[in-house]
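> Predicted structure and sequence below. I'll ask about it afterward.
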Amino acid sequence: MEVSIDNFNIEALSIEDYFTTWSVGDFAGLGLVLHVILMIVMTLRIVSVQRNIGVSIAWVAVLYTLPLVGFIAYILLGEPMIGRRYRARMNQARLLMNDMAKREQMVFDEGQELLPDNYRGVSKIGTRWTGFGVFPDHQMQLLTTPSAIFGRLIEDINAAQRIILMEFYIIYPKGQILDVMDALMAAVQRGVECHILADSVGSFSFFNSKQHRMLEEAGVFVHQSLPVGLFKTLFKRSDLRNHRKIIVIDEHIGYIGSFNLVDPKFFKQNKNVGQWIDVAIRSVSQQPINIATAMAKVVVTDIGAENKDNLDALNHRVNNYTRKLYVMNPTINDINSRVKVLDEISDTDELPEIGSTSIVIPRMPVVEDVLAQLIPSAPQVTAHVIYNTLVTVIHRANKRIRITTPYFVPDEALSGALTTAAKRGVEVTVIVPEKVDSFLVQHASQAYYQELLEAGVSIALFKGGLLHAKTVVIDDDYCLFGTVNIDMRSFYLNMEVSLAIYTPEMVAQVADCQEVYLQSCRFLRLEEWQERHGAERLFDNVVRLFSPLL
């Protein structure tokens with residue numbers, strides 16, 4: 001049976017003719033349908049991927065408030081994608097370092113038995129995700145002024161014999177930093193191997209400076225961390241940054257703290273927040289496994305993960321020059337030279353420095369036999385190890401919690417831990433700068449003040465500059481010290497590093513430093529905060545909705 005198409009009386013239309021029959025309303029309806037589908041798909045994606053409720057709510061709010069902006073922003077910045085190739089290189093570099101440690105019988109993940117019972121569980125959180133346990137027998141000293149930090153550092157560089165490793169978020173080559181660079185170039189001339197890993201964004205001006213070229217021409221190995229670019233943005237987030245600050249010298253001296261490689265007299269003087277105020281801890285140990293060797297493992301792994309050439313070089317180094325990274329059996333001359341360096345530096349007289357803030361912090365003595373644990377963190381690598389550690393120790397506090405941070409934007413769980421601690425009688429103090437260099441962070445932070453003040457938390461506003469120190473003191477026997485701000489960016493997005501300190505004498509030094517900061521603070525009163533204009537409170541609370549994204 002034959003059927004002719006003519007029997008159906010269908011008129012063939014071209015695609016162009018078909019759409020010309022549509023009205024404006026038809027196109028609007030199609031656009032609305034596509035918009036609804038896109039919103040549903042993106043909402044499902046957000047709630048299925050994001051593990052933090054606050055982050056999920058913030059992204060959904062952005063998506064529905066500014067759909068196009070929210071869609072593009074989430075595609076570029078929504079998920080902590082550090083890059084598939086980078087993660088693969090990071091895993092390979094970690095395996096290389098772990099295999100070398102195993103071959104050389106270097107055990108990094110032990111030491112919990114040295115701790116009191118109440119901190120063993122806290123320590124295991126760090127060990128599980130980082131592989132670093134607790135290391136004993138350190139000499140440590142808290143350095144509280146730029147002159148103390150850079151003076152000691154230059155002395156250590158001048159005495160270095162084998163290798164210097166540096167990892168920084170910001171390098172700003174002005175002022176005292178030029179003296180540090182001169183010392184590095186002189187060290188290379190003596191045969192010392194020097195490596196600098198600096199964040200591509202944070203150290204943008206450094207990578208475009210003549211000092212960068214001079215260092216490379218002198219033989220210093222300079223590496224860019226997490227380089228950015230338009231093409232790279234399609235495959236990984238460009239705002240995931242390397243925020244670590246680490247220095248290792250000859251595997252037995254290590255520096256850690258909030259300080260970038262910047263001179264505060266020259267850095268960000270146009271922000272109207274005063275000079276940046278930072279602290280550092282200098283750690284020294286003669287033990288074959290110590291905080292400095294753990295730092296070296298972190299820096300070397302980070303350098304190896306940056307590109308294939310670095311990974312190949314690390315592979316060659318691990319298989320052929322193990323002793324260059326970790327000197328397991330030093331000669332008598334090595335030991336004598338190290339002791340000499342320690343004696344000279346420990347006995348150096350250092351007067352208190354009066355800066356633009358008029359803060360005088362007495363020189364801190366060297367503390368012996370310090371017990372500590374290194375806790376590095378990175379997105380998609382160590383989970384949320386710092387955040388989990390911090391929340392745990394806050395809940396375990398019995399007498400005192402004192403936090404110093406430049407940026408204070410907690411989530412609900414962390415804010416709840418602080419208010420609960422205050423309600424059960426723990427003395428809780430949060431020390432933050434009166435002015436910070438981020439408008440949105442300032443207002444997001446203020447949105448939490450009322451509930452904290454109502455619970456009995458003391459909020460101290462530091463008036464002497466941008467207090468950049470990041471320290472947490474719990475009771476009299478625990479301290480977190482390093483690069484981590486109290487915000488979601490530090491907890492979830494940046495590569496960070498903290499030092500957990502378990503020795504009361506060293507914890508006391510950090511607490512004493514915080515006490516000096518408090519002398520230059522203005523304490524907020526609940527009555528004063530409640531008297532603010534309603535529009536101000538509303539604006540703070542609106543910004544708070546987006547605080548998980550700041």
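Now that the structure is in, tell me what you want to look at.

> I'd like to know how many residues surround Asn398.
Number of residues near Asn398 (other Cβ atoms under 10 Å) recorded here: 13. For glycine as for every other residue, the C-beta is placed from the backbone atoms N, C-alpha and C.

> ok, now which ones touch the residue nearest to it when sequence neighbours are not counted?
Excluding the flanking residues, the one nearest Asn398 by Cβ to Cβ, 6 or more residues apart in numbering is Asp475, at 5.7 Å. Taking Cβ atoms under 8 Å, 6 or more residues apart in numbering as the criterion, Asp475 is in contact with 397-400.

> rerun that using 10 Å as the cut-off
The neighbours of Asp475, taking Cβ atoms under 10 Å, 6 or more residues apart in numbering as the test, are 118, 393, 396-402, 426-427, 504, 507, 511.

> Ranking by neighbours, what's the top pick from the residues you listed?
Greatest neighbour count in the contacts of Asp475, by other Cβ under 10 Å, goes to Arg402: 24 neighbours.

> Quickly find the element holding that one.
strand 400-404 (DSSP states H and E).

> can you check Cys479 too?
Cys479 belongs to strand 478-482, assigned by DSSP H and E.

> Quickly run through the sheet partners of that strand, with directions.
Using DSSP bridges, the strands paired with strand 478-482 are strand 471-474 (antiparallel), strand 496-501 (antiparallel).

> thought Phe207 was touching Leu197?
No - here Phe207 lies out of contact with Leu197, judged by Cβ atoms under 10 Å, at a distance of 11.9 Å.

> ok, the two, which is more surrounded?
More crowded of Phe207 and Leu197, by other Cβ under 10 Å: Leu197, with 25 against 17.

> Looking at strand pairing, list the partners for the more buried one.
Glu167, His223.

> quick one: contacts for it?
Counting by Cβ under 10 Å, 6+ apart, Leu197 touches 165-168, 203, 221-226, 242, 244, 246, 299-300, 302-303, 305-306, 310.

> can we see that at 8 Å?
165-168, 223, 225, 242, 299, 302-303, 306.

> pLDDT and distance to Arg84 for those - can I get that in TSV?
As requested, these are exported to TSV (pLDDT from 0 to 100; distance: Cβ to Cβ, whole Å):
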residue	pLDDT	distance to Arg84
Leu165	96	27
Met166	97	28
Glu167	97	23
Phe168	97	26
His223	95	20
Ser225	91	17
Asn242	93	18
Val299	94	23
Asp302	92	17
Ile303	92	19
Glu306	87	15
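
> now those residues: which count as buried?
Neighbour counting with 16 or more other Cβ atoms under 10 Å marks 165-168, 223, 225, 242, 299, 302-303, 306 as buried within the contacts of Leu197.

> how about these in TSV, adding distance to Asn290?
Below are those laid out as TSV (distance: Cβ to Cβ, whole Å):
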residue	distance to Asn290
Leu165	14
Met166	18
Glu167	17
Phe168	21
His223	24
Ser225	24
Asn242	23
Val299	15
Asp302	19
Ile303	20
Glu306	25
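
> Just the closest of those to Ala73, please.
Using Cβ to Cβ, Asn242 is the member of those that lies nearest Ala73, at 22.1 Å.

> Asp199 is in contact with the closest one, correct?
Yes - with contact defined as Cβ atoms under 8 Å, Asn242 counts as touching Asp199 (4.4 Å).

> intersection of neighbour lists for the two?
In contact with both Asn242 and Asp199: 169, 225-226, using Cβ under 8 Å, 6+ apart.

> between these, which is nearest Asp437?
Set against Asp437, the nearest of the shared contacts of Asn242 and Asp199 by Cβ to Cβ is Tyr169 (14.3 Å).

> Pull the distance from stretch 152-169 to the chain's centre.
Averaging C-alpha positions (Cα atoms, centre = their mean, to the nearest Å) puts stretch 152-169 21 Å from its chain's average.

> Just the endpoints, please. Distance across it?
20 Å (Cα to Cα, to the nearest Å).

> mind listing what's buried in it?
152-154, 156-157, 159-161, 163-169.

> Ok, stretch 171-188 next?
Buried residues in stretch 171-188, counted by 16+ other Cβ under 10 Å: 171-173, 175-177, 180-181, 183-185, 187-188.

> How about stretch 472-491?
Buried residues in stretch 472-491, counting neighbours by 16+ other Cβ under 10 Å, are found at 472-475, 477-491.

> and what of stretch 366-376?
Of the residues in stretch 366-376, 366-367, 370-376 count as buried by neighbour count, 16+ other Cβ under 10 Å.
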